[in-house]
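Participant: sequence unknown, structure follows:
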């Protein structure tokens, strides 16, 4: 039988050894919260990828990599006298007990009402944080590091809670058409070519269009981030299928005409790609 407490203590001790000023690893010693944060995000995506691919053994390893990121951040915080790993664990334990009164406090909450109660509790926690000098407002606490589509959906949900929303999916769909028209107008104003750069008018209108699409997905109760990931996977699968067909026929990809590409694409789709 595995020993989770012993394994965790060994990992925490290993992290302390890696950060030891005299005997530690030079690379680990020079890291900061800012330099480690990108690795933390990367490891979270690796976990999601292992789940989507159904790779159970890899999932175990990726969860370990993600846990190591938590231990790394906690160690750096401990060195600064902020908190240690135990306080991190105690904090999430306390929060989860507080957010599950139907489990730990005997509160009677129907299953369909749990998401609403969860959000209400999180709102109270944000208000408490604001009272302690934290960020205030409906949109407070939405992480800027979230993937853009995911963050757009979260911002839309927050705004909708206070009434800033369309009454139904039809209104959100009309907004998509409106933003697409504004993008077309920006392109037409530029002679059909978009000025390059994130600060261009076309880029701004494209951003508005994407935001509107995310809000439409929210009204349709679809996950925009997940839908785009699935579309990426489908495109990758079909493109690889086209590459295989081209290789079998001795065709060089760089020399294919638009008509040949279209034929390969259609054939790949017919073959289940």
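Facilitator: Cool, got the structure. The structure presented is a predicted model; accordingly, all values stated were derived computationally and were not measured.

Participant: Return the residues in contact with residue 66.
Facilitator: 40, 43-44, 46-47 (Cβ atoms under 8 Å, 6 or more residues apart in numbering). Quick note: C-beta positions are derived from backbone N, CA and C, even for glycine.

Participant: care to break this structure down by domain?
Facilitator: For the chain, automatic domain parsing gives the domain ranges 4-98, 148-222, 226-270.

Participant: shaky segments in this protein?
Facilitator: The model of the chain has pLDDT under 70 over residues 1, 113, 129-134, 191-199.

Participant: run the last query once more with 50
Facilitator: In the predicted model of the chain, no residue satisfies pLDDT under 50.

Participant: Show me where the stretch 151-273 of the chain has its helices.
Facilitator: Applying DSSP state H, counting those that start in this stretch to the stretch 151-273 of the chain gives helices spanning 169-189, 201-219, 224-248, 258-270.

Participant: Highest average neighbour count across the ones you listed: which stretch is it?
Facilitator: Looking across those with neighbours counted as mean count of other Cβ atoms under 10 Å, the highest average goes to helix 201-219: a mean of 19.

Participant: Return the list of helices and strands in contact with it.
Facilitator: Counting contacts by 3 or more Cβ pairs under 8 Å, 6 or more residues apart in numbering; DSSP states H and E, helix 201-219 packs against helix 148-161, helix 169-189, helix 224-248.

Participant: hmm, who's touching the second one?
Facilitator: Right, the one you point to is helix 169-189. 166, 193-194, 201-202, 204-206, 208-209, 211-213, 215-216, 218-220.

Participant: swap the cut-off to 6 Å and go again
Facilitator: Outside helix 169-189, the residues that touch it by Cβ atoms under 6 Å, 6 or more residues apart in numbering are 166, 194, 201-202, 205-206, 208-209, 212-213, 215-216, 219-220.

Participant: For residue 26, state which of the residues you listed is nearest.
Facilitator: Distances from residue 26 to the contacts of helix 169-189, taken as Cβ to Cβ, are shortest for residue 206 (43.8 Å).

Participant: that older thread, from the contacts of residue 66, which ones fall inside helices?
Facilitator: Of the contacts of residue 66, the ones assigned to helices by DSSP state H are 40, 43-44, 46-47.
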